[in-house]
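In: what follows is a protein structure lacking sequence information:
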């Protein structure tokens, strides 16, 4: 009983002081986040509830429910996001797999070529696609001279062009996490599968693929969420035929100067994004619980 | 269904060579592993022992050579058709499957019907003393348990050959000692031809029927643990297995001498001009009463005395500057008074412990 508790008070005071110091050190970051993130988003919420006459009102949200065009815009947004994500998976997963199986030096080289587009402006890349895909563009010229098709095919100012551009821009966001997850899969797993009697195809689907799923989830989620709020590419390559939420927000402000309506759209998009993140995070946690953490 | 010792297959490795650039990972290696034998490949890292195991498993394609399991030539057979069990240094347990999922994996590939599969998985888990662990996740297991699951997964489909790549290297010493005995028992029970890779000489001595010491992609010696320890073929083996002091000796015909003193030998020396006297620290003894009749005696001065609990370690310098290491049990007069640094001592080596080896190697 009653062991001497020497220096107890002093040690506790040190502990408290240390915590205060840590809080002090991180306060600039907290302040920054408050100013550039929390305040604007709060203001967005506030404005979305202000009607045309300047008083509190739900008219911005009511309009969204009543007008068919809004429903279509949301449907287009989700459609474009789903398609882009799906195409990114179809192209990105095999590519990531290929790169992950290369020796280190070659893999790094390939990754740089994947990342290279990141260093050029989004706008430049989008307009480059416009040049390539237009009726008298490079792609049509070559395809016709190679005899792939006879008449120039319309590949811009429609969904096709929009998807080509968006997939190109989103691809690195998928490849990087998938590649990371794949690199973390020890080659011993594949050796073990093979030793236990699995041919290459069986080994891939029973061992490699399930272990790469967390990376694929993360990458797909990132691409999908980025697509939801995408503006530049659909605006340029969609040619007014692909109208997404972000474009409606812009026209609400530029054409109709209706900040309330624009804010309400922003809020709905934000809430939807959070909802998707929330569902996905539950899904991912489930994934981790079954041990799919990559190791 | 229980494998009998007669079910095991012999392994025949003939003239296997594997080069990486100009480096010989395996240099014309030939080994015959007998049916049901526990053979250990022992060597330092980079010696080629793991490469040889990978050739057996089919993960490394050699430049040339032959590999037979029984009568079947398998050198060109892909790994998934070789039907050998294997455990990996990293265990390589699939993290997205439960323990039962892992152990049942090879059975599912072999389309074993569900009730039989469950029964065999449980039986394999019981064999490694993990009965009832089937529903655990891999990350819930300790290192020793992972090792056992890896073993269960490697034996559940009743392969006739079992390969083990440093299976105990990640475990702490106590568990390692225990697992060594357990794996040895398992081998006796299942009787599979087992090839075991380790860099730990004590582990090799404890577990093996025979040990192949590997260095620079070649088999330096293949012998029983006892022969390896007591009659090493060359300096590398003598150095790698156990501790020893080497002294260069002179040969004039049949007369072998160290310095001016002729050595008394129990066995004829190897036929080489360049000979080394190998002294195991536990075989040379302190002789407080002075030189012993009929033994080889060395006058020396103690330079280091280390108390190690069950024993003591002593380094003694000979007049010519060479140092001999000696290990003695802590009992009798040693408990009362260990020699002290600077004491003049007589070290004595019986003729049967006076082992000469070919010193031309290395």
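Out: Cool, got the structure. Quantities reported herein were computed from a predicted structural model and do not represent experimental measurements.

In: what's the spacing between the nearest residue to residue A:266 once chain neighbours are set aside and chain B?
Out: Leaving aside its chain neighbours, residue A:266 sits nearest to residue A:44 (5.5 Å; criterion: C-beta to C-beta, 6 or more residues apart in numbering or on different chains). (Glycine included, C-beta is placed from N, CA and C.) Distance of residue A:44 to chain B, given as C-beta to the nearest C-beta, to the nearest Å: 41 Å.

In: quick one, what contacts residue A:44?
Out: Residue A:44 makes contact with A:263, A:266, A:267, A:270, according to C-beta atoms under 8 Å, 6 or more residues apart in numbering or on different chains.

In: the stretch 201-350 of chain B: helices as residue ranges?
Out: B:201-207, B:225-230, B:235-240, B:333-336 (DSSP state H, counting those that start in this stretch).

In: so which of those gets nearest residue B:286?
Out: Shortest separation from residue B:286 across the helices of the stretch 201-350 of chain B is recorded for helix B:333-336, at 8.0 Å, computed as C-beta to C-beta.

In: and that closest one, average pLDDT?
Out: On average, the pLDDT along helix B:333-336 is 65.

In: ok so, going back, any idea which of the helices of the stretch 201-350 of chain B scores lowest on pLDDT?
Out: helix B:333-336 (a mean of 65).

In: quick check: buried residues in whichever helix or strand the residue nearest to residue A:266 is part of?
Out: Using DSSP states H and E, the element containing residue A:44 is helix A:39-48. With burial defined by 16 or more other C-beta atoms under 10 Å in any protein chain shown, the residues of helix A:39-48 counted as buried are A:44, A:47, A:48.

In: the last one contacts residue A:266, correct?
Out: It refers to residue A:48. Yes. Under the criterion of C-beta atoms under 8 Å, residue A:48 makes contact with residue A:266 at 7.2 Å.

In: quick one on the thing from earlier: hmm, which of the contacts of residue A:44 are the buried ones?
Out: By 16+ other C-beta under 10 Å, the contacts of residue A:44 give A:263, A:266, A:267 as buried.

In: can you tell me, leaving aside adjacent residues, what's nearest to the first one?
Out: In this case it means residue A:263. residue A:48 (3.7 Å).

In: stretch B:67-80 and chain A, are they touching?
Out: Yes. Using C-beta under 8 Å from any C-beta of the partner chain, stretch B:67-80 comes into contact with chain A via B:78, B:79, B:80.

In: now do the contacts for the closest residue to the second one other than its chain neighbours.
Out: Sequence neighbours aside, residue B:58 is the residue nearest to residue B:79 in space, at 3.5 Å (criterion: C-beta to C-beta, 6+ apart). Under the criterion of C-beta under 8 Å, 6+ apart, the contact list for residue B:58 reads A:194, A:195, B:74, B:77, B:78, B:79, B:82.

In: how about residue B:343?
Out: With C-beta under 8 Å, 6+ apart, residue B:343 has these contacts: B:301, B:302.

In: and the next helix or strand past the helix holding residue A:44?
Out: Helix A:39-48 is succeeded, C-terminally, by helix A:59-66 (DSSP H and E).

In: wait, residue A:173 touches residue A:221, no?
Out: No. Counting by C-beta under 8 Å, residue A:173 stays clear of residue A:221, with 9.7 Å between them.

In: before we move on, back to that, make CSV out of the contacts of residue A:44 and add pLDDT and secondary structure.
Out: Compiled in CSV, the contacts of residue A:44 are given as follows (pLDDT from 0 to 100; DSSP: H, G, I helix; E, B strand; the rest coil):
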residue, pLDDT, secondary structure
A:263, 91, helix
A:266, 90, helix
A:267, 92, helix
A:270, 91, helix
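
In: which of those residues sit farthest apart?
Out: A:263 and A:270 (10.2 Å).

In: did I read that right, residue B:356 in a strand?
Out: Yes. Counting by DSSP: H, G, I helix; E, B strand; the rest coil, one finds residue B:356 located in a strand.

In: can you tell me the closest non-neighbouring residue to it?
Out: In space, residue B:356 is closest to residue B:269, 4.4 Å off (C-beta to C-beta, 6+ apart).

In: what parts of the stretch 1-150 of chain B come near chain A?
Out: B:57-59, B:78-86, B:88-90, B:92-97, B:105-106, B:109-110, B:137-139.

In: rerun at 6 Å
Out: Counting by C-beta under 6 Å from any C-beta of the partner chain, the stretch 1-150 of chain B comes close to chain A at B:57, B:59, B:79-80, B:86, B:88, B:90, B:92, B:94-96, B:105-106, B:109, B:137-138.

In: return the member of the residues you listed nearest to residue A:231.
Out: The nearest one, if we look at these relative to residue A:231 and count by C-beta to C-beta, is residue B:96, at 38.5 Å.

In: secondary structure class for the closest residue to residue A:111 other than its chain neighbours?
Out: The shortest distance from residue A:111 to any non-neighbouring residue, by C-beta to C-beta, 6+ apart, is to residue A:99 (6.4 Å). When classified by three-state DSSP, residue A:99 comes out as helix.

In: quick one: residue A:99 from chain B, how far?
Out: As defined by C-beta to the nearest C-beta, residue A:99 lies at a distance of 22 Å from chain B.

In: dead centre of chain B: give me the residue that sits there.
Out: Chain B has residue B:204 as the residue nearest its centroid, 2.4 Å off, counting by C-alpha atoms, centre = their mean.

In: that one contacts residue B:39, correct?
Out: No. With contact defined as C-beta atoms under 6 Å, residue B:204 does not reach residue B:39; the gap is 9.9 Å.

In: what is in contact with the two at once?
Out: Counting by C-beta atoms under 6 Å, 6 or more residues apart in numbering or on different chains, residue B:204 and residue B:39 have no common neighbour.

In: thinking again about what came up before, nearest to residue B:7, of the contacts of residue B:58?
Out: Closest to residue B:7, out of all of those and judged by C-beta to C-beta, is residue B:82, at 16.0 Å.

In: to what extent is that closest one buried, counted in neighbours?
Out: 21 (other C-beta atoms under 10 Å in any protein chain shown).

In: what does residue B:20 give?
Out: 11.

In: and it, what are its bridge partners?
Out: Counting by DSSP bridges, residue B:20 is bridged to residue B:23.

In: confidence score at it?
Out: For residue B:20, the predicted pLDDT is 91.

In: state the distance from it to residue B:75.
Out: 18 Å (C-beta to C-beta, to the nearest Å).

In: so where is the chain shaky, pLDDT-wise?
Out: Here I'm looking at chain A. Low-confidence regions of chain A, defined by pLDDT under 70, span residues A:1-2, A:285-295.

In: switch to chain B, please.
Out: For chain B (pLDDT under 70), the answer is B:1-6, B:333-336, B:361-362.

In: which single helix of it contains the most residues?
Out: What stands out as the longest helix in chain B, according to DSSP state H, is helix B:173-190.

In: direction included, what does whichever helix or strand comes after it pair against?
Out: Using DSSP H and E, the helix or strand that directly follows helix B:173-190 along the chain is strand B:193-198. Applying DSSP bridges, strand B:193-198 is found paired with strand B:38-42 (parallel), strand B:161-165 (parallel).

In: pick the most buried one from these.
Out: strand B:38-42 (a mean of 26; mean count of other C-beta atoms under 10 Å in any protein chain shown).

In: not counting that strand itself, show me its contacts.
Out: With C-beta under 6 Å, 6+ apart as the criterion, strand B:38-42 contacts B:33, B:49, B:52, B:187, B:194-197, B:204, B:208-214.

In: go again with 7 Å.
Out: Contact with strand B:38-42 is made by B:33, B:49, B:52-53, B:187, B:194-198, B:201, B:204, B:207-214, as judged by C-beta atoms under 7 Å, 6 or more residues apart in numbering or on different chains.

In: over to stretch B:139-157?
Out: A:196, A:291, B:85-88, B:91, B:93, B:95, B:99, B:102-103, B:105-107, B:110, B:120-121, B:124-125, B:127-130, B:138, B:162, B:167-168, B:170-171, B:175, B:179, B:190.
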